[in-house]
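Novice: using only what follows, build the 3D model:
(2 chains)
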Amino acid sequence: MNSPLRRALYRAVRSPQFIIGAALVTLFVLTAVLGPILSPYSPTAQKMSLRLKPPSAEHVLGTDDFGRDVLSRILHGAMPSLQVSVLSVAGSLVIGVIIGLIAGYRGGWTDTLLMSLMDVLLAFPAVLLAIAILAVMGTALSNVILAIAIVNLPTFARLARGSTLATRELLYVEAARGLGVPPIAIMWRHILPNIAAPLIVQTSLTIAAAILIEAALSYLGLGIQPPAPSWGNILSSTYGFIQTNPWPSVFAGAAIALAVLGFNLLGDGLRDALDPTTR
Amino acid sequence: MTRYIVHRLFVAVPVVLGVSLFTFGLVRWIPGDPILVMLGPDAIGADVEGIRRLYGLDRPWPVQYVEWLTNVMRGDLGQSIRTRMPVGQSILQRLPVTIELTILSLLLGLILGIPPAVLAATHRGKVTDAVVGVISLLGISVPGFWLAILLMLLFSLHLRLLPSIGYVPLHENAAGNLRHLLLPALGLALPLGATIMRFMRSSLLEVFGQDYIRTARAKGLTQTKTVLKHALRNALIPVITVIGIQVGRLLGGAVIIEQIFALPGLGRLVFDGISTRDYPVVQGTVLTFTVIFILINLLVDVLYSVIDTRIRLTAR
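Specialist: Numbering: from 1, shown residues only, chains lettered A, B, ... in the order given. A predicted model of the protein is given here:
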């Protein structure tokens, strides 16, 4: 990692946005990892005598329509949300950056072809594209990750291409080319470190968006399949009983909002530190 | 002007073709045989072959694609497997609901987004700015459909001010239509408004740094006049593009919102199509949604070039 980037990250660490964001993200990750250990009940254990109870001492966040403990379900629901959002964005980041680097560096027909493909993906409303992919492929966890990765792919490809175009003509890249450094090495060693800053910011913001898309897909029954809990499917399964007991909906939605807020704050904090023009 | 529009249309053609190929391919990717899905598990071999030939599925896929595309361009999107109704007809029936919902959400998003952005930008670094910043950050982080559920809980179930579910056509009862669409539209408009707030604030701040704003102030214009007559219009230009892209989020969000509020729109149609494995319906609806999205962005680009002459002149 080059030193301006490290200096900027050091600057980011001191901004309140970054600190609150990092705290929320840490909380989210800890919940996902430790949730199953911390949860007081099994997330699928039903007790019909305790249906739709409001928060109480035994069931801190109340119970749902099957008498299941809402706190346990929310704690168990953190892991699928984290898995889907982080893995899908990692996928779009890696593939998107490769596409963007090649398109931006090679230019010409390669560029036109790759970017047209990205434009086609971008032409679909995002959630709808994910819905369509899952409708035909089935709702396995790996398909949910793949669908969200495809949806976010063009964002990273375009960003990487744009930055590559700006970097390609810089003197040190030209010098490397003149010395006969092979294109792959130029892209990896000289261009990538210079386009990393906006990509890091975008990764954080896209994870936030991916959590929202996963929740929406699970709500529609296309994400994590019940009885396994996820924040989205807790919302949809308890929605019908909202008049009797709104608490499960309130808490599941709040969990989604906090996780998304964490990554948005982290992204904002990083952007302010990495991009001096927005200050 | 005409030249620019022609150029934009020309650029959109490959994208639309790509979208159509992808949507066509969707149904090809279904694991298993669509004919078997259609006929059910009791189908006899001869029937399967007969129907395969009837639907032209025995021919190579490029031929099928061209034929499908020709039909689509004539407005024939095929037939629903479940109801046997022409898909195009179902879409036309449900289109107004989704269009009304989208337009109302867009209007509400602008109303909710722009005034706070102006306040924040004119009070940069003050408490107002910070408050608007926190609100807009919460707005983009909270799931819109969850907000809609909470609003429904408050306004429909507790206060009983608005209907919780259902739909009244606009031409039958305009007030009733608005009452039914208000909550679902708010669910879509709050995240949109928050996004507009963020972009509008930074766009305004950029405009405030320009020479013509300094000139306006120097010639003695009041703060209000400077903002309203000079800054706002110019700051809106980049925001328009953002709004065009955000329409994609509105259309995607409509699928969930229509489900929650039992609105008989395109989102319901695609959702029902998925749950009943009615692939022609899914295919037709996804295509319609996407074409609407592309057309809106085309419109935004043209609008953009009308407002900002520089765009038109630099485009080839």
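
Novice: what residues does the stretch 201-316 of chain B put near chain A?
Specialist: Applying CB under 8 Å from any CB of the partner chain, one finds that the stretch 201-316 of chain B approaches chain A through B:202, B:247-249, B:251-253, B:255-256, B:259-260, B:270-271, B:273-275, B:279, B:282, B:286, B:289-290, B:293-294. C-beta: built from backbone N, CA, C; applies to glycine.

Novice: mind giving me the packing neighbours of the host helix or strand of B:Pro115?
Specialist: Taking DSSP states H and E as the definition, one finds B:Pro115 inside helix B:87-122. Using 3 or more CB pairs under 8 Å, 6 or more residues apart in numbering or on different chains; DSSP states H and E as the contact criterion, the secondary-structure elements in contact with helix B:87-122 are helix B:127-141, helix B:174-208, helix B:232-260, helix B:266-275, helix B:279-307.

Novice: does the closest residue to A:Ser39 other than its chain neighbours sit in a helix, a strand or a coil?
Specialist: For A:Ser39, the nearest residue in space outside its immediate sequence neighbours is A:Ser72; the separation is 3.8 Å by CB to CB, 6 or more residues apart in numbering or on different chains. Per DSSP: H, G, I helix; E, B strand; the rest coil, the secondary structure class of A:Ser72 is helix.

Novice: tell me the buried residues in the helix holding B:Pro115?
Specialist: Going by neighbour count (16 or more other CB atoms under 10 Å in any protein chain shown), the buried part of helix B:87-122 is B:87-88, B:90-91, B:94-98, B:100-102, B:104-106, B:108-110, B:112-114, B:116-122.

Novice: what do you get for stretch A:125-145?
Specialist: Judged by neighbour count (16+ other CB under 10 Å), stretch A:125-145 contains these buried residues: A:125-137, A:139, A:141, A:143-145.

Novice: check contacts around A:Ser39.
Specialist: Neighbouring residues of A:Ser39 by CB atoms under 8 Å, 6 or more residues apart in numbering or on different chains: A:69, A:71-72, A:75-76.

Novice: make it 10 Å
Specialist: A:Ser39 makes contact with A:31, A:69, A:71-76, A:229 under the criterion CB atoms under 10 Å, 6 or more residues apart in numbering or on different chains.

Novice: closest to A:Val89 among these?
Specialist: Of all these, A:Thr31 has the smallest distance to A:Val89: 18.6 Å, by CB to CB.

Novice: per-residue pLDDT of that closest one, please?
Specialist: At A:Thr31, the model reports a pLDDT of 95.

Novice: how much space is there between the residue of the stretch 151-279 of chain A found nearest chain B and B:Ile292?
Specialist: Closest approach of the stretch 151-279 of chain A to chain B (CB to the nearest CB) occurs at A:Gly253, with a separation of 3.5 Å. When distance is defined by CB to CB, to the nearest Å, A:Gly253 is 29 Å away from B:Ile292.

Novice: kindly report the same for B:Gln64.
Specialist: From B:Gln64 across to B:Ile292, the span is 25 Å (CB to CB).

Novice: go ahead and confirm B:Ser90 touches B:Val282.
Specialist: No: the pair formed by B:Ser90 and B:Val282 falls short of the contact definition of CB atoms under 10 Å, at 11.7 Å.

Novice: find residues that contact each of those two.
Specialist: The overlap between the contact sets of B:Ser90 and B:Val282 (CB under 10 Å, 6+ apart) consists of B:269, B:272-273.
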